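Colleague: what follows is a predicted protein model with its sequence.
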Amino acid sequence: MGAEEAGKAPAQTLQICQLPYPDRYQAAKKFIDAALPNAKPLGHDSQLLLYALGQQVEEGPCTGSKPWGWNVVEAAKHQAWKQLGGMAKMEAMRLYVRTVDEEQADWYPLLLQYEAAPKPAPDAAGAAAGANGGAPVQPATSYARELQWSALPAVAGGADGRRPCPRYEHGAALVGGSLYVIGGNYAGRYLSDLWRLDTHTLTWTQLTPVPVAPPAAATAASPRASLSPRVSTSEPGGSQQQPAAAQDAGSSSASQGGAGAAATAASPLGPCAGHSVTVWGTKLVILGGHVKHFDAKQAGAKGAAANATMLVRVYEASSNTLWTPATSGPAPGARGGHSAVLLCGTKLYVFGGEDAGRRALGDLHCLDLETWTWSGPLTPQGTAPAPRAAHAAAAYQGRYMLLFGGGSTATCFGDVAILDARAPTAGGATGLRWLAPTMQGPKVSARAGHCGAVAGDAWYVVGGGNNVKGCTDLLALDLRGLGSLPPYGADDTPAIPLMWHSLSSTPPRDALSSEGVSLLVLQHPQGEASSGGSAAGNGGSVAPPTKGGVLLAFGGYNGKYNNMASVLRTPVTMAPLLTDAATAPAATAKPAATAAAAKPAAAAPAAAAKEAPKPNAQQAQAAAAAAAAADKEKQIAELKAALENARKDAEAAVREAAAAKDSSAQELALLRKQAATAQAQLETAQKGLEDARAALAKESARVLRLEAQLAEAQRGLAAAAEERKELEALRRQAKEAAEAAAKKGSGGLWGYIAGSGNSS
């Protein structure tokens, strides 16, 4: 490929990154994370490979547990990372850069151009107008369309011009017209940032909370009125008012930073995901969340106790401060993916979730926000729902906790459970009780990772997925059967009819067809009480809504991480569905009252009584015929809507199956590529092994020759030693002979002189 490109453009010289490692890897990763508009799109196999290599560099080998089976994308990412095994960090860096080079050869010049380009920091109005095509930005509610999700033209604030990065499994809440987003999960990394979106100017601002000591009310028991909100805040999107002492607690906490002797040390926001954020006045109560082991100390825990109990933190929006209350009582174990709902004004109920080992939990706990005291595990009456995580939960009328869906390791649920916090008991007091409603309407598929929000008497649910497909429908659960529930006894089994309605559907790859989305009520339907209760349930006379409410969604993951904020207006056509049942008791009571009032008139003359039934009977027959026709038309309309929804579901299922097939084919191609790479590495290793064996054989032969030469030398040395011994023996003999000869010659001379020699 390089030769072809050189032949096509011989005059062009490609600038190659000459940075040393790890700077070269950091540059390549920055290019991929920037997602430049002029960059080539990456295939799914390349994205998986780059993700796995990045995780290998940043966090080392994959040691985490396998995600749930219904989360196909996360399972594929986990498998890709797991297949790298114990690959060295430097090798992962080199392979990452090589992959980027193969995908985009000119990535480094593009990165340099991107970094060198001027990045002006316009004011909020100019930036907002630019984001909206030159038109002035309107409040978020003005972009809402009935049953249509509309992306907000949100702009960045501050001099750096930044916006929150894409994420899911984050925490979100609305306080005073501002959306607060805390933490989350982005590409396997847990986030610790805090962002605020002004829904009036659509401006994003990153906040850095100031850690302070908790106020005195959060370190010791205090009067119940000290921190009680003036109004119920059971719904995170409702109109919020400040608690009686929230301003004082929030503003004075900074001055109490080192003054409180009994105060515990405050903890800054640490990286976490799957936590819950509950609005209490102007405070955000942050509970639990998944944290990684190396983030434990940053989250305010120490040593092995980091994952022992659930962490509680409080963010004061009015003063941008963060503090950790000194809780008491049996705290629940650390977890993520749980639900937390505020009932009865100050009782924060926590259900389910999963622990660090991804084991689904089904326990129920309560945190009293006035005394910061834990109680639990609680054992309400009735049948408790199965252990689960990633379910949707909401409060209704400040009394009921609604649960829907969720999942465990390989199972998704589609049931609805209700916790009554003011259920009657045998002793005449009130307690906790699980209620099982009777579900009506279209069948709703099981799901996990979805979200929901209560607006009036409807619970809206969006997003999520299961083992088969992602869920693209927008559901609405009619809660009038619960809102008009009459008082019941401790031994009664109340009948609670609830009906599902499928309102619309989004494309499978849309940002709202995601897991881990946050859904809030930005504006309630007109005419509705701000507490979220129904007129029928509260005995009020609130007029029927004339304009639908506004839902606000943010973030999510559907194969791509999103940071989009979208709004949708609930349909005005839902008003009959939310008011007919409230008026039905009155409609049925009216004939009864009329009949009761007609009893005294029964004593009238018989002739008048005989003449009166004829027109009444005709009117009754006409009314019955009209009611029957209306019922038939309603049934026909419902059947048409059901057929249309079934058709949309079938089309979405076909598209999802095609997408799953493409994803499987891409994953198979990636596996084949990895297998080919492994085969090539194996062949190279085998060739190296053969070369090593040949070299070993040569060395063995050389050793044998040296051993033979050594043996020959040793034999030569032995022969030389024998010859030396013989030479020494000959020398001794010669010496002895010389000595004997010398001695013999000396005796004959003296004899001759003495005359003793023989004569000739």
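Modeller: Here it is on my side, so go on. Since we're looking at a predicted model, the values are computed, not measured.
Colleague: quick check: Lys673 touching Asp45?
Modeller: Yes. Contact criterion C-beta atoms under 8 Å: Lys673 and Asp45 qualify, at 6.7 Å. Yep, even glycine has a C-beta here, placed from its N, CA and C like the rest.
Colleague: which one's more surrounded, the two?
Modeller: For Lys673 versus Asp45, neighbours defined as other C-beta atoms under 10 Å are more numerous around Asp45 (21 against 13).
Colleague: just give me the neighbour total for the nearest residue to Pro497 once chain neighbours are set aside.
Modeller: Of all residues beyond its chain neighbours, the one nearest Pro497 is Gly481 (4.1 Å), with distances taken as C-beta to C-beta, 6 or more residues apart in numbering. Gly481 has 19 neighbours, counted by other C-beta under 10 Å.
Colleague: could I get the pLDDT score of Gly481?
Modeller: What the model reports for Gly481 is a pLDDT of 87.
Colleague: cool, and the one 10 residues further on?
Modeller: Looking at Asp491, its pLDDT reads 77.
Colleague: next one: the one 4 residues further on
Modeller: Per-residue pLDDT puts Ala495 at 86.
Colleague: how about Arg732?
Modeller: 91.
Colleague: how far does the host helix or strand of it sit from the chain's center?
Modeller: Taking DSSP states H and E as the definition, Arg732 sits inside helix 613-754. Distance of helix 613-754 from the chain centroid (C-alpha atoms, centre = their mean, to the nearest Å) equals 38 Å.
Colleague: and what of stretch 363-383?
Modeller: Worked out by C-alpha atoms, centre = their mean, stretch 363-383 lies 25 Å from the chain centre.
Colleague: ok, and for it, which residues are buried?
Modeller: Under the neighbour-count criterion of 16 or more other C-beta atoms under 10 Å, stretch 363-383 has 363-372, 374, 376, 378, 380-382 buried.
Colleague: pLDDT of that stretch, averaged?
Modeller: Average pLDDT, stretch 363-383: 93.
Colleague: endpoints of it, how far apart?
Modeller: 12 Å (C-alpha to C-alpha, to the nearest Å).
Colleague: ok, and what's touching it?
Modeller: Under the criterion C-beta atoms under 8 Å, 6 or more residues apart in numbering, residues 218, 221-222, 224, 226-228, 280, 285, 287, 312, 325-332, 342, 346-352, 384, 419, 423, 425, 431-436 lie in contact with stretch 363-383.
Colleague: tell me the mean pLDDT for stretch 433-446?
Modeller: For stretch 433-446, mean pLDDT is 92.
Colleague: end to end, how far does it reach?
Modeller: End-to-end distance (C-alpha to C-alpha), stretch 433-446: 24 Å.
Colleague: got the buried residues for it?
Modeller: Arg433, Trp434, Leu435, Pro437, Met439, Gly441, Pro442, Val444, Ser445, Ala446.
Colleague: same question, stretch 383-398
Modeller: By 16+ other C-beta under 10 Å, the buried positions in stretch 383-398 come out as 384-385, 387-398.
Colleague: list the ones among these that fall in strands.
Modeller: Of the buried residues of stretch 383-398, the ones assigned to strands by DSSP state E are Ala392, Ala393, Ala394, Ala395, Tyr396.
Colleague: quick check: closest non-adjacent residue to the second one.
Modeller: It refers to Ala393. Excluding its sequence neighbours, the residue lying closest to Ala393 (C-beta to C-beta, 6+ apart) is Ser339, at 3.4 Å.
Colleague: the one you found contacts Val350, correct?
Modeller: Yes. Here Ser339 reaches Val350: they are 7.1 Å apart, a contact under C-beta under 8 Å.
Colleague: can you pull the residues that touch both of the two?
Modeller: What both Ser339 and Val350 touch, as defined by C-beta under 8 Å, 6+ apart, is the set Ser276.
Colleague: compare the two (neighbour count), which wins?
Modeller: Neighbour totals were compared for Ser339 and Val350, and Val350 leads with 27 against 23 (other C-beta under 10 Å).
Colleague: roughly how far does the more buried one sit from Arg335?
Modeller: Val350 sits 9 Å away from Arg335, going by C-beta to C-beta, to the nearest Å.
Colleague: give me the common contacts of these two.
Modeller: With C-beta under 8 Å, 6+ apart as the test, Val350 and Arg335 both reach Gly288, Met310.
Colleague: burial of Ala657, as a residue count?
Modeller: Neighbour tally, Ala657, other C-beta under 10 Å: 13.
Colleague: need the contact list for it.
Modeller: Counting by C-beta under 8 Å, 6+ apart, Ala657 touches Lys469.
Colleague: among the buried residues of stretch 363-383, which are in helices?
Modeller: Among the buried residues of stretch 363-383, DSSP state H puts none in helices.
Colleague: may I ask which two of those are separated the most?
Modeller: Farthest-apart pair in those is Trp372 and Gly382; separation 28.1 Å (C-beta to C-beta).
Colleague: circling back: the residue nearest to Ala393 pairs with what?
Modeller: Legend: beta-bridge partners of Ser339 under DSSP bridges are Phe351.
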